[in-house]
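A.B. asks: Coordinates for the following, if possible.
(2 chains)
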There are 2 protein chains.
Amino acid sequence: MARQRVAALVVAAVLVLATPAAAEDVWLVDGGMVVTMDQAGTVIPDGAVAVRGNRIEAVGPAAELAVRFPAARRLDASGRIVLPGLVNAHTHVPMTLFRGVADDLDLKGFLYRRIFPLEARFVDEAFVRWGTRLACLEMLRGGVTTFVDMYYFEDAVAEEAAGCGMRAVAGETLIDFPAPDNKSWADALAYTERFVTRWRGHRLITPAVAPHATYTVSTDHLREAHALAAKHDVPMLMHLAEARSEVDLIHEKYGKGPVEYAAGLGILDDRVVAAHMIWPTPAEIALLAGRKVGVAHCPQSNMKGAAGVAPVPALLAAGVAVGLGTDGAASNNDLSLWEEMDTAAKLAKVTSGDPTVLAARTALAMATRLGAEAIGLQKAIGSLEAGKRADIILVRTDSLHQIPSYDPYSLLVYATKASDVDTVVIDGEVVMAAGRVLTVNEAAVRERVAAYRERILAADLAPGK
Amino acid sequence: MARQRVAALVVAAVLVLATPAAAEDVWLVDGGMVVTMDQAGTVIPDGAVAVRGNRIEAVGPAAELAVRFPAARRLDASGRIVLPGLVNAHTHVPMTLFRGVADDLDLKGFLYRRIFPLEARFVDEAFVRWGTRLACLEMLRGGVTTFVDMYYFEDAVAEEAAGCGMRAVAGETLIDFPAPDNKSWADALAYTERFVTRWRGHRLITPAVAPHATYTVSTDHLREAHALAAKHDVPMLMHLAEARSEVDLIHEKYGKGPVEYAAGLGILDDRVVAAHMIWPTPAEIALLAGRKVGVAHCPQSNMKGAAGVAPVPALLAAGVAVGLGTDGAASNNDLSLWEEMDTAAKLAKVTSGDPTVLAARTALAMATRLGAEAIGLQKAIGSLEAGKRADIILVRTDSLHQIPSYDPYSLLVYATKASDVDTVVIDGEVVMAAGRVLTVNEAAVRERVAAYRERILAADLAPGK
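C.D. replies: Model prediction:
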């Protein structure tokens, strides 16, 4: 039965793909429960989503849309939940090639004995390209349709994401020491401006400027990075209030916390996506809300690195848009947003002592609507609503770990795994059907990943060496 | 390629099963990396495990065992990790039918508005039977070979576990109010004694006596429960030092903590498996170590219920055997030991502020060797060593979320999912091959689960009602 369904799905997907999608063509995802994640929490038990070109034309009961679009081709979602694609609000995708290479170490051991030497030795454009392609495969497999990246050779990240049919906010990292791609601040800034100019307005890619952090980028350089982002009206990504040591350092130098410091520089506004945000004071939380800064909460990475617990309920209560990020695979070690949702809810409950805090629906919103808002794409994605881009995933509901289920949010947040996603549509294109990614040559990726692994293992920087 | 491998595996499994396993017959699991989880941490990159009847005959390099057992049939483990089966040290398997029926509620809402009324309405022997069968399917699928259960109608739990070919420590719950099966203490105690007598010495089932907790079972009854367990030399399972309110209550009544109180009653010894153990004092930790009490740590359940964080590093440092439990699916909501390992490590790190605490190898030990020790089965299971029972799982290492990998413990704890398990051997029998459980009629289970779901949804006790 499972095999028949798989075959039927592939056929359906191919039908959708094979017919040239003229802008006036409408097709329907129907037969499943549509969990829209709109502000009102609309759930349509037997629902449908109509897609025209790269946009959602309509969302409603299947019977209604069948009448409205009688000639539309159909992608059968029966037995599944139809959901907006997930947003991974903070990651470093090329580092997937470093998955688990530096576990169970203190921060110094992690960075100085492993990650920095490994990056110096191995990170070049080809590394970034293959690491990104592997990450895209893993994320698509798990229903992530948009990711926010901070790394180097960001042109390669953007090219690979676009090639995989994925949406990305791609930020070239700016840091006050020689990076794998650019060896000086001036070079990095010039590269970033060319990068931003090249990609601005792309259908899938939003270029961004990504100063690494307050403790690795000088005051003047932070201002320059923000000015560049403002000049081109693109997002600015940074790590902020992540480490206790960062808070101490900024306090020592400037007599205030990292958020207050950044606000004082005039670089905190609604184009900023601040990753981690573990240590804001109540006053800083108010600042973040007032300036409409987006936050990327990374619960599993923060736990594994013992960085601390972000005050997510307080951030949400203040009105801050908080999304979820996996962080890089050297830190976490996978790119499953499903685990981040589950962990975000559980971590908030145990640290607050209140099991009603951060309920399933809120956790799912963080991976969808709130995540889109945190990264400035709330008009385009994050919910299934007419006019938004068609980023849609179909999620199985019949896995052994999912049945029985009594509530869709509970099912999705506390019992669903990345492996339960079976279809992914991004910008109106079917990029995964029946668990098979259609845009990437998986065998080629596997071959290159194996080759990188051999080289890295031989480099005497892997675990146990 | 994947399909060919699946077919080959099924053939291999069927070969193993089809030939009657005379006690002198030896067969080999070979070609994979054998992670023995023995005390020394032996890992054999190209290893083999020889099985004779229901026991492990030998563990060693594949080349060596091929010479020693030239005529042995082979189960090909190439590309996979060969691991001892996982031990779920605390759960309530029939509650799988209540998966996610009571999420995001406070303890009162959870117990009194949902779980107790639902149990009163629905729990009978058939419920227990089908819930257990579903749980066994899910656990086998994820590589759990042994589980420790506390529930009612425990004969049905034991029968179903044995029927699925699973190993279980099955504890009939004793509680000071009318339970779904037995309406008085005397009846429950008599039932438990019959139950223990019936199952003692069974190849797969270890019967146990399971007084619910210090706050739900009187002092006299706790002593009687322990005396019964001692009389028949079987384990005693209980919740202990789980809730802050339990600690307060016992302090108020007896002027000491729950562990000290239980020790004072003379009921704390090496037959006790104490679930949760969130609130022991340092003196109580010393008591647990001295009495050789086993502990079942349930990190995900403890987080979701906001019960608190168990002091696992301190327990381990004191020499307490700490295993891992999923708790019931009404609390957690799945039965994946892989997520418990991952969460146990991350939770210990973030709460101690030290990322080196509870490293991957320790987390894996908690799900295997230490778990077996915690539940008193350390002589039989928990590691791949000659003489132990043949409880063996094969784990894929080539999923997209797993590659590349640089260290087997990192791979298993931080990147592997239940869906990566592809073969399960229990007591020398292949019970799952190529992801297909061979001992359970899955279609029948699905049909019954769907019927229970309809009834429960109609009962006005489900979420949103």
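A.B. asks: For the stretch 101-250 of chain A, which segments count as helices?
C.D. replies: For the stretch 101-250 of chain A, the helices defined by DSSP state H, counting those that start in this stretch occupy A:107-108, A:116-122, A:125-141, A:154-164, A:185-199, A:219-232, A:244-254.
A.B. asks: okay, and the helix or strand of chain A with the least pLDDT?
C.D. replies: Lowest on mean pLDDT, DSSP states H and E among the helices and strands of chain A sits helix A:2-18, with a mean of 47.
A.B. asks: hang on, the earlier thing: of the helices of the stretch 101-250 of chain A, which is nearest chain B?
C.D. replies: helix A:125-141 (4.4 Å; C-beta to the nearest C-beta). (Glycine included, C-beta is placed from N, CA and C.)
A.B. asks: if we can go back for a sec, right, and the helix or strand after the least confident helix or strand of chain A?
C.D. replies: strand A:26-35 (DSSP states H and E).
A.B. asks: tell me the mean pLDDT for that following strand?
C.D. replies: The pLDDT scores in strand A:26-35 average 97.
A.B. asks: Contact residues of the stretch 251-400 of chain A facing chain B?
C.D. replies: Contact residues, the stretch 251-400 of chain A versus chain B (C-beta under 8 Å from any C-beta of the partner chain): A:300, A:302-309, A:332-336, A:339, A:342-343, A:345-347, A:349-350, A:352-357, A:359-360, A:398, A:400.
A.B. asks: measure stretch A:305-324 end to end?
C.D. replies: 16 Å (C-alpha to C-alpha, to the nearest Å).
A.B. asks: Let me see the mean pLDDT of that stretch.
C.D. replies: Per-residue scores along stretch A:305-324 average to 98.
A.B. asks: Could you check it and say which residues are buried?
C.D. replies: A:305-313, A:315-316, A:318, A:320-324 (16 or more other C-beta atoms under 10 Å in any protein chain shown).
A.B. asks: can you check stretch A:254-262 too?
C.D. replies: A:256-262.
A.B. asks: Likewise for stretch A:443-459?
C.D. replies: For stretch A:443-459, by 16+ other C-beta under 10 Å, it's A:445-446, A:448-449, A:452-453, A:456-457.
A.B. asks: just those that are near chain B?
C.D. replies: A:446, A:449, A:452-453, A:456-457.
A.B. asks: Now, those residues that are in helices?
C.D. replies: A:446, A:449, A:452-453, A:456-457 (DSSP state H).
A.B. asks: what does the stretch 1-150 of chain A put close to chain B?
C.D. replies: Neighbours of chain B within the stretch 1-150 of chain A, by C-beta under 8 Å from any C-beta: A:97, A:99-101, A:103-107, A:110, A:134, A:137-138, A:141-142.
A.B. asks: Just the buried ones from the residues you listed, in PyMOL syntax?
C.D. replies: Buried subset of those, written as a PyMOL selection, criterion 16+ other C-beta under 10 Å:
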select buried, chain A and resi 97+99+100+101+103+104+105+110+134+137+138+141+142
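A.B. asks: Just the endpoints, please. Distance across stretch A:30-41?
C.D. replies: 19 Å.
A.B. asks: what comes into contact with that stretch?
C.D. replies: A:42-49, A:59, A:62, A:65-66, A:74-84, A:361, A:364-365, A:368-369, A:382-385, A:394, A:397, A:408-409, A:412 (C-beta atoms under 8 Å, 6 or more residues apart in numbering or on different chains).
A.B. asks: Just the buried residues of that stretch, please?
C.D. replies: Quick answer for stretch A:30-41 (16+ other C-beta under 10 Å): A:30-38.
A.B. asks: need the helices of the stretch 101-250 of chain A in a markdown table with distance to A:Pro280, can you?
C.D. replies: Output for the helices of the stretch 101-250 of chain A, formatted as a markdown table (distance: least, C-beta to C-beta, whole Å):
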| stretch | distance to A:Pro280 |
| --- | --- |
| helix A:107-108 | 20 |
| helix A:116-122 | 27 |
| helix A:125-141 | 28 |
| helix A:154-164 | 27 |
| helix A:185-199 | 27 |
| helix A:219-232 | 17 |
| helix A:244-254 | 9 |
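A.B. asks: which stretch in those is the model least sure about?
C.D. replies: Across the helices of the stretch 101-250 of chain A, helix A:107-108 gives the lowest mean pLDDT, at a mean of 88.
A.B. asks: quick one, phi/psi of the residue of the stretch 101-250 of chain A found nearest chain B?
C.D. replies: Going by C-beta to the nearest C-beta, chain B is nearest to A:Asp104 of the stretch 101-250 of chain A, at 4.0 Å. Main-chain torsions, A:Asp104, degrees, to the nearest 10: phi 60, psi 30.
A.B. asks: and it, what is it in contact with?
C.D. replies: With contact taken as C-beta under 8 Å, 6+ apart, A:Asp104 is in contact with B:345, B:355-356, B:359-360, B:410.
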